[in-house]
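1. task: produce atomic coordinates for the following.
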Amino acid sequence: MLLGKRFDAFIKSSPVSVMIQGTLERTVAAADLDQLFEETAQVQYSKKLLFSQCVQMMSDVVFRIEPSVGAWYTEHGDTLDVTLKAVYPKLQGIEPQVSAAMVRATAKELADARREMGSLPRPLLSGYRVRVLDGTHLAGTQRHIFELRRLAAAALPGQALLMYDPRLDMIDEIVPCEDAYTQERTLCQHVLDLVARRDVIVADSAYCTTTFLFGLAAQGAFFVVRQHQLNVRWEPAGRSRRAGTDEHRRAVYEQPVRLIHPETGEVIEARRISVTLKKPDKNGNTELHVLTNVPSADADAVKILSLYADRWTIETAIQHLKGDLRCEIDTLGYPKAALFGMCVALMAYNIVSLVKGALRATWGREFVEEELSMYYLTLNVSKVTAGMLIAIPEKDWTVFRTMTTAEFAATLLELASHLQIHKYQKRKRGPKKKQPKKIIDKKHTHYSTSRLIANRR
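-> Numbers count the residues shown, from 1 in each chain. Alright, predicted model coming up:
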């Protein structure tokens with residue numbers, strides 16, 4: 001290992017904290033981030049407060065090392081040449097394309113390190129890169145902005161479309177949007193710019209539009225999308241036939257179809273995969289229909305259905321973002337600032353995913369998937385990091401920036417071997433008990449807990 005003796009105590013007690021901080025030091029190197037800002041920013045410019053400093057500040061908030069931007073400034077403000085009043089306008093002006101570029105650049109570097117570790121899961125579809133597409137709205141914020149102060153309804157600072165790679169467990173692209181009311185479908189045009197040949201995009205029916213599906217096909221990409229009954233014109237090109245049974249023992253049917261562009265007359269040869277649901281979904285549908293242009297020689301109907309079922313993995317990722325990391329900072333009401341916080345959280349999620357990859361390679365996939373508690377992991381990092389950064393000077397962390405990708409991956413694997421796994425295991429609870437029906441007594445608006453317990457017998 002290339003680390004010095006100052007790291008020994010923390011490697012023994014909290015190797016995960018060293019892994020997270022070391023990856024941060026490598027990924028958010030100031031020079032690289034500031035260069036990225038100069039290349040992508042169109043309106044905002046750097047003067048006294050650099051983009052890299054904003055990322056460092058927000059990273060501490062996202063990892064819950066500091067509870068807010070204001071609290072971070074109280075603790076570390078002496079390291080900046082600006083006042084707190086200057087910090088917020090800077091965050092409010094960070095352009096969404098800068099935040100998105102940061103996610104893209106850092107995800108690429110982290111993905112290279114993850115591949116270097118080995119022990120990657122098998123590709124979901126041989127010869128293709130599967131990517132899951134989904135959207136999320138940022139939660140309501142506090143009403144510090146003048147226009148929001150008299151409104152009782154929630155104030156939504158924006159939304160985003162996310163591209164998730166389930167094999168790497170990383171979100172490598174984001175399409176941010178400042179207007180929370182914008183239709184997700186109108187953002188799909190921006191997704192087409194992020195798609196490569198032989199990508200397979202897995203998405204829900206919200207993205208089943210003529211423009212999107214034909215745009216993917218034009219770029220040599222493929223789709224596995226739940227059919228929307230109204231948005232895409234299609235006609236049968238053959239009879240429906242039984243194609244097997246899925247993992248839930250439901251009969252799967254497959255039918256060749258043609259998707260027809262209503263304006264150009266262009267046709268896509270596709271397949272319509274169908275299965276009967278055991279119970280109606282939230283919209284009352286009793287059948288699930290999935291459209292795909294992936295050749296049947298590369299994926300049969302059952303495989304296509306399982307790819308669509310894997311769509312939930314991005315929802316799990318979003319849950320981790322909102323539960324274990326602080327991706328929605330309610331004090332950041334301005335859309336650009338809120339989206340910047342979201343993008344830093346995505347970068348943090350990818351860093352944690354890389355650390356999980358090292359743990360998976362060291363301790364096995366079953367431990368990470370079934371027993372590892374993300375809550376205890378992030379809680380440990382938030383407790384240890386502040387003291388660790390005091391004990392280990394900043395210059396000692398530069399070793400992570402000078403490592404080759406192979407050395408960096410090997411260092412993370414070595415650190416992972418020191419993990420005391422019992423500290424991070426989930427606490428499994430028993431089955432939930434059925435709650436008794438609540439007693440409504442208009443004469444009592446409250447009770448004395450002590451008296452109720454005393455009368456228990």
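2. skipping adjacent residues, who's closest to residue 104 in space?
-> Excluding the flanking residues, the one nearest residue 104 by CB to CB, 6 or more residues apart in numbering is residue 173, at 6.0 Å. For glycine as for every other residue, the C-beta is placed from the backbone atoms N, C-alpha and C.
3. partners of whichever helix or strand the one you found is part of in the sheet?
-> Using DSSP states H and E, residue 173 sits in strand 170-177. According to DSSP bridges, strand 170-177 forms sheet pairs with strand 159-165 (antiparallel).
4. just the residues contacting the strand it pairs with, thanks.
-> Applying CB atoms under 8 Å, 6 or more residues apart in numbering, the contact partners of strand 159-165 are 111, 129-138, 170-177, 179-180, 182, 184, 187-188, 190-191, 194, 313-314, 317-318, 339, 342, 346.
5. how about 6 Å then?
-> 131-137, 171-177, 180, 187, 314, 317 (CB atoms under 6 Å, 6 or more residues apart in numbering).
6. what ranges does this protein have for its strands?
-> All strands of the chain, identified by DSSP state E, fall at 129-137, 159-165, 170-177, 199-203, 222-226, 234-236, 241-245, 251-260, 267-276, 287-292.
7. quick one: closest of these to residue 7.
-> strand 170-177 (26.1 Å; CB to CB).
8. list the buried residues in that closest one.
-> Buried residues in strand 170-177, counted by 16 or more other CB atoms under 10 Å: 170, 171, 172, 173, 174, 175, 176, 177.
9. returning to that earlier point: quick check, the residue nearest to residue 104 in contact with residue 193.
-> No - under the criterion of CB atoms under 6 Å, residue 173 is not in contact with residue 193, lying 9.6 Å apart.
10. which neighbours do those two share?
-> Common neighbours of residue 173 and residue 193 (CB under 6 Å, 6+ apart) do not exist.
11. mind listing what residue 372 touches?
-> Contacts of residue 372 (CB under 6 Å, 6+ apart): residue 424.
12. ok, now with 10 Å
-> Taking CB atoms under 10 Å, 6 or more residues apart in numbering, we find residue 372 in contact with 356, 359, 360, 363, 366, 419, 421, 424, 425, 426.
13. measure residue 52 to residue 281 for me?
-> 46 Å (CB to CB, to the nearest Å).
14. and if you look at residue 186?
-> Taking CB to CB, one finds residue 186 at 25 Å from residue 281.
15. picking up where we left off before, possible to save the buried residues of strand 170-177 as JSON lines with pLDDT and distance to residue 454?
-> Shown next, in JSON lines, are the buried residues of strand 170-177 (pLDDT from 0 to 100; distance: CB to CB, whole Å):
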{"residue": "170", "pLDDT": "92", "distance to residue 454": "55"}
{"residue": "171", "pLDDT": "93", "distance to residue 454": "53"}
{"residue": "172", "pLDDT": "93", "distance to residue 454": "59"}
{"residue": "173", "pLDDT": "95", "distance to residue 454": "60"}
{"residue": "174", "pLDDT": "95", "distance to residue 454": "56"}
{"residue": "175", "pLDDT": "96", "distance to residue 454": "59"}
{"residue": "176", "pLDDT": "95", "distance to residue 454": "57"}
{"residue": "177", "pLDDT": "94", "distance to residue 454": "57"}
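16. kindly reformat those as TSV containing distance to residue 414.
-> TSV is the format used below for the buried residues of strand 170-177 (distance: CB to CB, whole Å):
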residue	distance to residue 414
170	22
171	27
172	26
173	31
174	32
175	37
176	37
177	42
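17. what about residue 226, neighbour count?
-> 19 (other CB atoms under 10 Å).
18. beta-bridge partners for it, please?
-> Counting by DSSP bridges, residue 226 forms beta bridges with residue 290.
19. quick check: it vs residue 159, distance?
-> Going from residue 226 to residue 159 by CB to CB gives 20 Å.
20. okay, residue 21 and residue 356: tell me how far apart.
-> Per CB to CB, residue 21 is found 16 Å from residue 356.
21. the two: which has the busier surroundings?
-> Legend: neighbour count by other CB under 10 Å for residue 21 and residue 356, higher for residue 21 (23 against 20).
22. what's the closest non-adjacent residue to the more buried one?
-> residue 385 (6.1 Å).
23. which residues touch that neighbour?
-> Shown in contact with residue 385 (CB under 10 Å, 6+ apart): 10, 14, 17, 18, 20, 21, 24, 60, 63, 64, 65.
24. which one of those is nearest residue 392?
-> residue 10 (7.3 Å).
25. go ahead and confirm that closest one touches residue 18.
-> Yes - in this structure, residue 10 is within contact of residue 18 by CB atoms under 10 Å, at 5.3 Å.
26. would you mind finding the longest helix in the protein?
-> helix 335-363 (DSSP state H).
27. mind checking how far that one is from the chain centre?
-> How far helix 335-363 lies from its chain's middle: 7 Å, per CA atoms, centre = their mean, to the nearest Å.
28. and the gap between the residue nearest to residue 21 and residue 174?
-> 25 Å.
29. likewise residue 33?
-> 16 Å.
30. please apply the same query to residue 221.
-> With CB to CB as the criterion, residue 221 and residue 174 are 18 Å apart.
31. residue 14 too?
-> Residue 14 is 30 Å from residue 174, by CB to CB.
32. got it, and residue 426?
-> Separation of residue 426 from residue 174 (CB to CB) stands at 29 Å.
33. then residue 34?
-> With CB to CB as the criterion, residue 34 and residue 174 are 20 Å apart.
34. again with residue 321
-> Residue 321 is 11 Å from residue 174, by CB to CB.
35. what's the domain layout of the chain?
-> Domain segmentation of the chain under automatic domain parsing yields 5-96+325-424, 120-316.
36. what's opposite residue 159 in the beta bridge?
-> Here residue 159, judged by DSSP bridges, has bridge partners residue 137, residue 177.
37. what number of residues lie near it?
-> For residue 159, the count of nearby residues is 22 (other CB under 10 Å).
38. from residue 202, how far off is it?
-> Taken as CB to CB, the span from residue 159 to residue 202 is 20 Å.
39. strand 199-203 and the least confident helix or strand in the chain by mean pLDDT, what's the angle between them?
-> Ranked by mean pLDDT, DSSP states H and E, the weakest helix or strand in the chain is helix 312-323, scoring a mean of 74. Relative orientation of helix 312-323 and strand 199-203, computed by axes from the mean of the first three to the mean of the last three CA atoms, to 10 degrees: 70 degrees.
40. circling back to that earlier point, more crowded one of residue 10 and residue 18?
-> residue 18 (25 against 22).
41. residue 31 contacts residue 51, doesn't it?
-> No - if you go by CB under 10 Å, residue 31 and residue 51 don't touch, sitting 11.1 Å apart.
42. residues near residue 287, how many?
-> 12.
43. do you know the pLDDT at it?
-> Listed pLDDT for residue 287 reads 86.
44. how close does it get to residue 251?
-> 11 Å.
45. shared neighbours of those two, anything?
-> Counting by CB under 10 Å, 6+ apart, the residues touching both residue 287 and residue 251 are 274, 275, 276.
46. quickly list what the last one is bridged to.
-> What that stands for is residue 276. residue 287.
47. so what's it up against?
-> Counting by CB under 10 Å, 6+ apart, the residues that residue 276 touches are 250, 251, 252, 253, 286, 287, 288.
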